[in-house]
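**Student:** Structure of the sequence below:
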Amino acid sequence: MDLKEKRVLVFGTGKSGIGAAELLEDMGSIPVLYDGNEKTDPAEVKSRLKEGTKAEVFIGNLPEKEIDKLSLVVLSPGVPTDLPLVLHFKEKGLKIWGEVELAYAFGKGDVLAITGTNGKTTTTSLLGAIMEHARNSVFVVGNIGNPYTEAVEQMNEDSVTVAEISSFQLETIEHFHPKVSAILNITPDHLNRHHTMEEYIRVKELITANQTAEDTCVLNYEDEVLRKFGETLKTKVIFFSSARKLDQGMYYENGAIFYNDGKETIKICDTDELNLLGLHNFENVMAAVAMALAYGVSLEEIRYALVRFHAVEHRIEYVTEKNGVAYYNDSKGTNPDAAIKGIQAMNRPTWLIGGGYDKGSSYEEWINAFDGKVKGLVLLGATREKIAETAKKCGFEPVYFVDSLKEAVEFCASHAVSGEAVLLSPACASWDMFPSYEVRGKEFKEFVNQL
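**Tutor:** Numbering: from 1, shown residues only. The predicted model follows:
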């Protein structure tokens, strides 16, 4: 698509919106930045763009005469595709892309892309570490916090882009074509955006939409939806399993990870060599290793990076120990399934801090997974009453309410005794009290270190 001299609307003025606008301008387009929030300051938006930018900024209302001049609309991931204004663009015949599709259109080299409800960031970071050891030009981008568009101009034909792709980003792809893709798992999440589980599954599976028989898709054999989906694909499929030995694929057995290529079984590593806790992390390792092997990386290079890799920030991250109490930051546990993994990784009695923005999740499975480990559930945020009611129905107690994260940390510190743990694993998004899970996690660590 030739966008030179064309006016392109970038809907959203966050990190990915700014990255998209700058790439468009560098490629000769005229970016038009739009934000529906009337409180947004256009001067502040412009200050985040390169000096001398020709980008235009519209806040609140977007005049029809401006819409008529557009050649393309680029949506930031946080903008729902069913907003009235977006539907209006579609009615006018405008092509709708996301930041990922825009970056892919101008990028070079191969793409290795990862999606799934949980584990994306750890798997992406690990695969990125493997590729950075094995290849010269590697970019780790996407939902992990590095806008894909910001890396495009540094790419060459030999570049490898390792991309964490969310369901929001997959809604707006057209030609996006990973050489190797992975869907780690699918559990209920973002139903306030996708409305039905069927739609959420359909969007996640779009990561394979443009893949061919020459490409590979890595799937979780223990996820029934993905096991069935694998049978429908024209790509090569590599399954991984944390629960059984596979005749072909990656699997975990007796404290070690193995790969069977259909002819022989190769031991990848013992899990006690890894700096990662929990079965869910072993699944992330298997997915990353399977993707690297499919891309042709040698076992030696994979093993070298594997044993040197440490857990990502905000995902069951050890913070410190105070008075014999261990503190863990799992702020990235933004849905019940992710938070289940957090509590399963704990190996001592745990005071659990939960609650936050309501994404329409149900919490029974999370509460039932406490499995005698949780000494007390400390709740804050918009969902605290809903979670407390669920805990009561499930027969769990004690439950405590606090009004801030600082109060939650101080409460846990005053009740936990030596040999116990305090875990922030909210099972909810952060947006009711914090701009992001990263900010929530950083504040938790600051409050802990101040104890």
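**Student:** Now do the buried residues in whichever strand or helix holds K406.
**Tutor:** K406 is part of helix 405-415 when elements are defined by DSSP states H and E. Neighbour counts using 16 or more other Cβ atoms under 10 Å place L405, A408, V409, F411, C412, A413, H415 of helix 405-415 among the buried residues. Where you see a C-beta, it was placed from the backbone N, CA and C, and this is true even at glycine.
**Student:** and if you look at stretch 18-36?
**Tutor:** 18-25, 27, 29-36.
**Student:** Quote the end-to-end distance of it.
**Tutor:** With Cα to Cα, to the nearest Å as the measure, stretch 18-36 spans 15 Å from end to end.
**Student:** ok, residues contacting that stretch?
**Tutor:** Here stretch 18-36 makes contact (Cβ atoms under 8 Å, 6 or more residues apart in numbering) with 3-13, 17, 45, 48-50, 53-60, 62, 66, 70, 74, 76, 85, 99, 102-103, 106, 147-150, 152-153.
**Student:** Give me the distance between the nearest residue to S404 once chain neighbours are set aside and S242.
**Tutor:** Leaving out its chain neighbours, the residue that sits closest to S404 by Cβ to Cβ, 6 or more residues apart in numbering is L380, at 6.7 Å. Using Cβ to Cβ, to the nearest Å, L380 is found at 32 Å from S242.
**Student:** go on, F282?
**Tutor:** 6 Å.
**Student:** Compare these two and say which is more crowded by neighbours.
**Tutor:** Between F282 and S242, counted using other Cβ atoms under 10 Å, F282 has the larger neighbour count: 22 against 18.
**Student:** thinking again about what came up before, need the overlap of contacts for F282 and S242.
**Tutor:** Common contacts of F282 and S242, defined by Cβ under 8 Å, 6+ apart, comprise Y252.
**Student:** is it fair to say T149 lies in a strand?
**Tutor:** No: T149: not assigned to a strand; according to DSSP: H, G, I helix; E, B strand; the rest coil it is helix.
**Student:** Thought V10 was touching it, still the case?
**Tutor:** No: T149 lies out of contact with V10 (Cβ atoms under 8 Å); the separation is 9.9 Å.
**Student:** How many residues are close by R227?
**Tutor:** 15.
**Student:** mind exporting stretch 58-70 as CSV, just the C-alpha atoms?
**Tutor:** Taking only C-alpha atoms (Å, rounded to 0.1, in the frame of the first residue of the first chain), the coordinates of stretch 58-70 have been written out as CSV:
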residue,chain,number,x,y,z
PHE,A,58,-7.5,16.5,16.7
ILE,A,59,-9.1,16.1,20.1
GLY,A,60,-12.7,15.2,21.0
ASN,A,61,-14.5,15.8,17.7
LEU,A,62,-13.2,14.7,14.3
PRO,A,63,-14.8,16.8,11.6
GLU,A,64,-16.4,14.9,8.6
LYS,A,65,-14.4,16.9,6.1
GLU,A,66,-11.2,15.5,7.8
ILE,A,67,-12.5,12.0,7.6
ASP,A,68,-13.1,12.5,3.8
LYS,A,69,-9.4,13.2,3.3
LEU,A,70,-8.1,10.0,4.9
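**Student:** Have a look at the protein and report the helix or strand with the lowest mean pLDDT.
**Tutor:** helix 191-194 (a mean of 58; mean pLDDT, DSSP states H and E).
**Student:** Following that helix in sequence, what is the next regular element?
**Tutor:** Defined by DSSP H and E, the subsequent element after helix 191-194 is helix 197-205.
**Student:** Show me what that next one packs onto, helices and strands only.
**Tutor:** helix 167-170, helix 191-194 (3 or more Cβ pairs under 8 Å, 6 or more residues apart in numbering; DSSP states H and E).
**Student:** mind running it again at 6 Å?
**Tutor:** helix 167-170 (3 or more Cβ pairs under 6 Å, 6 or more residues apart in numbering; DSSP states H and E).
**Student:** Can you give the contact residues for the helix it packs on?
**Tutor:** P77, G98, V100, H190, V203, K204, L206 (Cβ atoms under 6 Å, 6 or more residues apart in numbering).
**Student:** And for stretch 123-136?
**Tutor:** 114, 138, 140, 144, 160, 162, 164, 284, 287-288, 291-292, 297, 301-302, 304-305, 309, 312.
**Student:** returning to what we had before: please name the residues that touch the residue nearest to S404.
**Tutor:** G355, V402, A408.
**Student:** residue ranges with poor pLDDT in this protein?
**Tutor:** By pLDDT under 70, the low-scoring segments of the chain are 188-195.
**Student:** If we use 50, what do you get?
**Tutor:** The chain contains no residues with pLDDT under 50.
**Student:** Would you map the helices across the stretch 201-350 of the chain?
**Tutor:** Secondary structure of the stretch 201-350 of the chain (DSSP state H, counting those that start in this stretch): helices at 224-230, 279-294, 299-306, 336-344.
**Student:** Let me have those in JSON lines, extended by distance to K236.
**Tutor:** Converted to JSON lines, those look like this (distance: least, Cβ to Cβ, whole Å):
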{"stretch": "helix 224-230", "distance to K236": "10"}
{"stretch": "helix 279-294", "distance to K236": "7"}
{"stretch": "helix 299-306", "distance to K236": "18"}
{"stretch": "helix 336-344", "distance to K236": "28"}
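**Student:** returning to that earlier point: which of the contacts of stretch 18-36 count as buried?
**Tutor:** 3, 6-13, 17, 45, 49, 55-59, 62, 70, 74, 76, 99, 102-103, 106, 147-150, 152.
**Student:** Confirm that F89 sits in a helix.
**Tutor:** Yes: under three-state DSSP, F89 falls within a helix.
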